[in-house]
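Chemist: Based on what follows, work out the 3D shape:
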Amino acid sequence: MIIVTYRIETGGSIEAMAAKIASDQSTGTFVAVPGETEALKNRVAARVLAIHELAPANRPSWPEPDAEAGPVRRADVDIGFPLDAIGTDLSALMTIAIGGVYSIRGMSGIRVIDMKLPAEFGKAHPGPQFGISGSRRLTGVEGRPIIGTIVKPALGLLPEETAALVGDLLQADVDFIKDDEKLMSPAYSPLEHRVKAIMPRILDHEQKTGKKVMYAFGISHTDPDQMMRNHDMVLAAGGNCAVINIQSIGMGGMAFLRKRSGLVLHAHRNGWDVLTRHPGIGMDFRVYQQFWRLLGVDQFQINGIGVKYWEPDDSFVRSFEALQAPLFSPDDRPLPVAGSGQWGGQAPETYRRTGQTTDLLYLCGGGIVSHPAGPGAGVRAVRQAWEAAVAGIALDEYAREHPELQQSLDKFANAKDA
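Modeler: I've put the predicted structure just below:
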């Protein structure tokens, strides 16, 4: 059985609304239809399993003109869908158990907050090909976070200019570099030209140092065939990672790519915020991420502590915990990616709030490339901050003997856009 938990908000009866969701999203319609027998309902009808009342809301999440007057009642409702009614197709799951509920009358808010899938889903979908262990193996980083940065500014750099910046970052001993999610294949920097300019530097650095820095190229495209050609171009040039804008390419595009992929698939969830930003509407990340993990995401960008965007720290922590929890096996966990305004200053709180783990990619843009002493010092400062965090030493104390960290504290401690 598939169990979905909905946070329902209504001025009417919670019990009646829960029953309506179960009926409308399975066997029910506005009038009895021929063939709608009790035997059929017993086989495929969704059922309300539990109702947990919550404190009433002060105001409705959205206007509902024909809603019953009265206090705005709230409850978390578990509804079970028989596997026979949905199967293991993720598009069917999204359509039946999630997509349709937002159109049902009588609610002033509804949010999908949890989902428990049977083991059949794990058998039907590939999951991550590389995940945490593969990302560590390919970067050669163990025992600490993978330290990454972003090519910025994303818009405007020509391929050779991008490659020159990458050269500086390679000398900085960074572990991971990525195209900004906005950089795919614009006229001023076609992906083909960018790959030809960057990969020789990556491979030359590997020959000289033995370290292959992971570079994630933006290969997303509406046409799955073109996206696959982009993938093949990166792979043939010796690359091992790609940025995928998962909201833009959709589940079908992701499934098409994962079946044929030889690259680490780094997921950027831009556009996700419209689905979750209102606390009474949309869905929680712990539901959303299950679809993309089953489809094969290897690394998942989820913001971080003290971000420059809207998301509060508690939301990041919940997202991190969702990714850390196995769906069906320990190997189906993607590598969490902390980003958005990160620099070494957030390392201690990140380490504390994520259960003292270093299984993450710590992605800093300006926090590395804008370091006063250059990107090399920026990388060292972030590593020093993590050393201090793991050792339980205050950053200002550790910085007394680590000048790169001290310079970073001086510059970024009060900045909002690192």
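Chemist: Spell out the residue ranges of the strands in this protein.
Modeler: 2-10, 47-57, 72-81, 109-116, 146-151, 176-179, 214-218, 241-245, 264-268, 281-283, 299-301, 335-338, 361-363 (DSSP state E).
Chemist: Quick check: which ranges of the stretch 1-150 of the chain have low pLDDT?
Modeler: 27-43, 64-70 (pLDDT under 70).
Chemist: Setting aside sequence neighbours, what's the nearest residue to Pro279?
Modeler: Arg111 (7.3 Å; C-beta to C-beta, 6 or more residues apart in numbering). For the C-beta atoms, the positions are set from N, CA and C on the backbone; glycine is no exception.
Chemist: Please name the bridge partners of that neighbour.
Modeler: Arg7, Gly282 (DSSP bridges).
Chemist: picking up where we left off before, any chance of the strands of the chain in CSV with distance to Tyr309 as columns?
Modeler: CSV is the format used below for these (distance: least, C-beta to C-beta, whole Å):
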stretch, distance to Tyr309
strand 2-10, 23
strand 47-57, 25
strand 72-81, 27
strand 109-116, 20
strand 146-151, 15
strand 176-179, 18
strand 214-218, 20
strand 241-245, 16
strand 264-268, 13
strand 281-283, 16
strand 299-301, 12
strand 335-338, 13
strand 361-363, 14
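Chemist: With mean neighbour count and distance to Pro224 as added columns, please give those strands in CSV.
Modeler: As requested, those are arranged in CSV below (neighbours: other C-beta atoms under 10 Å; distance: least, C-beta to C-beta, whole Å):
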stretch, mean neighbour count, distance to Pro224
strand 2-10, 23, 27
strand 47-57, 14, 37
strand 72-81, 20, 29
strand 109-116, 19, 26
strand 146-151, 26, 25
strand 176-179, 26, 19
strand 214-218, 26, 16
strand 241-245, 25, 12
strand 264-268, 27, 14
strand 281-283, 21, 25
strand 299-301, 28, 21
strand 335-338, 26, 24
strand 361-363, 27, 26
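Chemist: Which among these is found nearest to Arg318?
Modeler: strand 109-116 (10.5 Å; C-beta to C-beta).
Chemist: counting contacts, what elements does the closest one pack onto?
Modeler: In terms of contacts (3 or more C-beta pairs under 8 Å, 6 or more residues apart in numbering; DSSP states H and E), strand 109-116 is packed against strand 2-10, strand 72-81, strand 281-283, helix 285-295.
Chemist: quick one: which of the ones you listed is nearest Asp331?
Modeler: helix 285-295 (11.2 Å).
Chemist: Show me the contact partners of the closest one.
Modeler: By C-beta atoms under 8 Å, 6 or more residues apart in numbering, the residues outside helix 285-295 that reach it are 4, 90, 93-94, 98, 112-115, 117, 121-122, 125-128, 246, 251, 254-255, 258, 267, 269, 272, 275-276, 300, 302, 315, 318-319, 322-323, 327, 332-334.
Chemist: Dump the C-alpha coordinates for stretch 201-213 into CSV.
Modeler: The C-alpha trace of stretch 201-213 is given here as CSV (Å, rounded to 0.1, in the frame of the first residue of the first chain):
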residue,chain,number,x,y,z
ARG,A,201,42.7,21.8,-18.3
ILE,A,202,41.0,19.3,-16.0
LEU,A,203,42.8,16.4,-17.6
ASP,A,204,46.2,18.2,-17.6
HIS,A,205,45.8,19.0,-13.9
GLU,A,206,45.0,15.3,-13.3
GLN,A,207,48.1,14.3,-15.1
LYS,A,208,50.3,16.6,-13.1
THR,A,209,48.7,16.1,-9.7
GLY,A,210,46.9,12.8,-9.8
LYS,A,211,43.7,14.6,-8.7
LYS,A,212,40.8,14.8,-11.1
VAL,A,213,38.6,17.7,-10.1
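Chemist: Look up how far Gly238 lies from the residue nearest to His402 when sequence neighbours are not counted.
Modeler: Excluding the flanking residues, the one nearest His402 by C-beta to C-beta, 6+ apart is Gln384, at 4.5 Å. Note on Gln384: its distance to Gly238, by C-beta to C-beta, to the nearest Å, is 31 Å.
Chemist: more neighbours, these two?
Modeler: Gln384 (23 against 14; other C-beta atoms under 10 Å).
Chemist: pretty sure the more buried one contacts Glu404?
Modeler: Yes. With contact defined as C-beta atoms under 8 Å, Gln384 and Glu404 form a contacting pair (6.2 Å).
Chemist: contacting residues for the nearest residue to Leu117 once chain neighbours are set aside?
Modeler: Nearest residue to Leu117 in three dimensions, chain neighbours excluded: Ile2, at 6.0 Å (C-beta to C-beta, 6+ apart). Each residue near Ile2 by C-beta under 8 Å, 6+ apart is listed here: 80-83, 86, 93, 97, 115-118.
Chemist: so which of the residues you listed comes closest to Lys152?
Modeler: Comparing the contacts of Ile2 against Lys152 with C-beta to C-beta places Met115 closest, at 35.7 Å.
Chemist: Quick check: the gap between the residue nearest to Leu117 and Leu165.
Modeler: Distance from Ile2 to Leu165, by C-beta to C-beta: 47 Å.
Chemist: try Ile3
Modeler: 48 Å.
Chemist: same question, Lys211
Modeler: For Lys211, the distance to Leu165 - C-beta to C-beta - is 18 Å.
Chemist: What residue, apart from its backbone neighbours, is nearest Arg400 spatially?
Modeler: Gln406 (7.3 Å).
Chemist: and the one you found, how many neighbours does it have?
Modeler: Gln406: 17 neighbours (other C-beta under 10 Å).
Chemist: Am I right that it is in contact with Glu397?
Modeler: No. Here Gln406 does not reach Glu397: they are 10.8 Å apart, not a contact under C-beta under 8 Å.
Chemist: Quick one: residues contacting Leu191.
Modeler: 184-185, 217-219, 230, 233.
Chemist: quick one: which of those is most hemmed in?
Modeler: Neighbour max across the contacts of Leu191 (other C-beta under 10 Å) = Ile219, 30 neighbours.
Chemist: Grab the nearest non-local neighbour of it.
Modeler: Ile219's closest residue in space is Asn230 (C-beta to C-beta, 6+ apart), at 3.7 Å.
Chemist: just checking, the residue nearest to Pro279 touches Tyr102?
Modeler: No. Counting by C-beta under 8 Å, Arg111 does not reach Tyr102; the two are 9.7 Å apart.
Chemist: what touches both of those two?
Modeler: Joint contacts of Arg111 and Tyr102 (C-beta under 8 Å, 6+ apart) are Ile281.
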